[in-house]
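Undergrad: take this sequence and fold it.
(one chain, ligands or ions: 1)
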Amino acid sequence: MSADLSELYQQVILDHNKRPRNRGKLPTANRVAHGDNPTCGDQCNVYLRLDGDRIAEISFDGSGCAISQASASLMTTQVKGRTGPEVESLYRQFHHIVTSGETPDEISDLAAFAGVHTFPARIKCATLGWHATLNALKGDAADATTEKHTD
Ligand code: ZN
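TA: The predicted structure is shown next:
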């Protein structure tokens, strides 16, 4: 990755930290899931309003490190309007980026987290919000602790 691109992606993470998107409870939510990453102390609640099989609205709240909160914020902007299978496909792309450091050819905000692959302990921070959303979509309101996910 070029230095310029790396800097651009750094800005994406800083921006989501400074101005988180879709942060707060969603009064109209019909699915809620909680994510917990005890390794780092990150917490993330995800609130969804499903309309048919699509995510009509989404929000998150929680606390934790900058990576976990910025990633959850970015995730909400990527999954809104999508169906469960589309979200799973996006998650697979994101998981590949954060575990391999390989970025897609086209500019993608998801690639902002490519640098995480050099800090394996932070992968769980970056995927926490995604796990919570996938569990909310499955209707599984149980805790989405990252400890259950070895990937
Ligand atoms: Zn963390």
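Undergrad: residues of whichever strand or helix holds Q69 that come out buried?
TA: Using DSSP states H and E, Q69 maps to helix 66-79. Going by neighbour count (16 or more other CB atoms under 10 Å), the buried part of helix 66-79 is 67-76, 78-79. Where you see a C-beta, it was placed from the backbone N, CA and C, and this is true even at glycine.
Undergrad: helix or strand for I13, which one?
TA: Applying DSSP H and E, one finds I13 within helix 3-18.
Undergrad: average pLDDT for the strand or helix carrying H34?
TA: Secondary structure from DSSP H and E places H34 in strand 31-37. Strand 31-37 shows a mean pLDDT of 96.
Undergrad: that strand pairs with which strands, and in what direction?
TA: strand 42-51 (antiparallel), strand 144-145 (parallel) (DSSP bridges).
Undergrad: for this protein, what lies in contact range of the ion?
TA: Contact residues, the chain versus the ion (CB under 5 Å from the ion): 40, 42, 65, 68, 125.
Undergrad: what's the distance between the second one and A70?
TA: Read that as D42. 11 Å (CB to CB, to the nearest Å).
Undergrad: can you give me the buried ones in the strand holding H34?
TA: Applying 16+ other CB under 10 Å to strand 31-37 flags 31, 33-37 as buried.
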